[in-house]
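Participant: All I have is the shape, not the residue letters:
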């Protein structure tokens with residue numbers, strides 16, 4: 001995932017935070033296109049979409065979606081469950097996307113998907129790909145930075 005996908009991940013995180021249960025289950029990049037997986041449907045969403053336009057697209061597709069927070073997000077629960085952890089993964093991956101590219105130029109997300117109890121993150125730089133899996137039982141901090149250093153070791 002290249003430029004602006006980080007901001008899309010942050011917007012998805014903000015929208016996800018207001019939902020009572022999981023909404024989004026993954027994001028995939030195919031060329032210049034970004035696809036977001038929701039229950040029973042995959043939607044092509046512009047990487048520059050904001051949380052309200054994503055919610056509008058979902059409502060038009062028949063989903064019941066709570067409105068997202070505008071501005072600063074409220075604090076998270078300090079004892080995270082899988083949903084809170086997923087929300088923070090989306091936010092963390094979006095927030096540190098540029099740092100990841102700074103450490104390992106050309107590195108981007110290929111796919112981020114939520115499985116039952118884990119998050120699988122697939123990265124690509126040129127023709128080299130790796131995937132890493134993380135459990136949904138903790139709060140991620142700087143995961144893209146760690147991934148970039150891991151990937152850089154593979155390339156060197």
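Facilitator: Sure, I can see it. Just so it is clear, the model here is predicted, and its values are computed rather than measured.
Participant: The residue nearest to the spatial centre of the chain is in what secondary structure piece?
Facilitator: The residue lying closest to the centre of the chain (C-alpha atoms, centre = their mean) is residue 90, at 3.5 Å. For residue 90, the host element (DSSP states H and E) is helix 82-95.
Participant: Give me the helices and strands touching the helix or strand just after that helix, please.
Facilitator: Next in sequence after helix 82-95, counting helices and strands by DSSP H and E, comes helix 97-103. For helix 97-103, the elements it packs on are helix 5-17, strand 108-114, helix 143-155, judged by 3 or more C-beta pairs under 8 Å, 6 or more residues apart in numbering; DSSP states H and E. Placement of C-beta: from N, CA and C, glycine included.
Participant: Can you get me a residue count around residue 32?
Facilitator: Residue 32: 7 surrounding residues under other C-beta atoms under 10 Å.
Participant: swap in residue 6?
Facilitator: Neighbours around residue 6, by other C-beta under 10 Å: 24.
Participant: Run a quick check on it versus residue 93, I expect a contact.
Facilitator: Yes. The pair residue 6 and residue 93 passes the contact test of C-beta atoms under 8 Å, sitting 7.3 Å apart.
Participant: give me the number of residues near the nearest residue to residue 117 once chain neighbours are set aside?
Facilitator: Among residues not flanking residue 117 along the chain, residue 136 sits closest, at 5.6 Å (C-beta to C-beta, 6 or more residues apart in numbering). Around residue 136 there are 20 other residues, counting by other C-beta under 10 Å.
Participant: residues contacting residue 136?
Facilitator: Residues near residue 136 by C-beta atoms under 8 Å, 6 or more residues apart in numbering: 82, 85, 86, 89, 114, 117, 118, 119.
Participant: list the helices and strands the helix holding residue 90 packs on?
Facilitator: Using 3+ C-beta pairs under 8 Å, 6+ apart, helix 82-95 sits against helix 5-17, strand 108-114, strand 118-125, helix 143-155.
Participant: Touching the following helix or strand past the first one from outside, list them.
Facilitator: Just to be clear, that refers to helix 5-17. Using DSSP H and E, the helix or strand that follows helix 5-17 in sequence is strand 26-30. The contact list for strand 26-30, computed with C-beta under 8 Å, 6+ apart, reads 1-2, 5, 8-9, 12, 34-37, 108-114.
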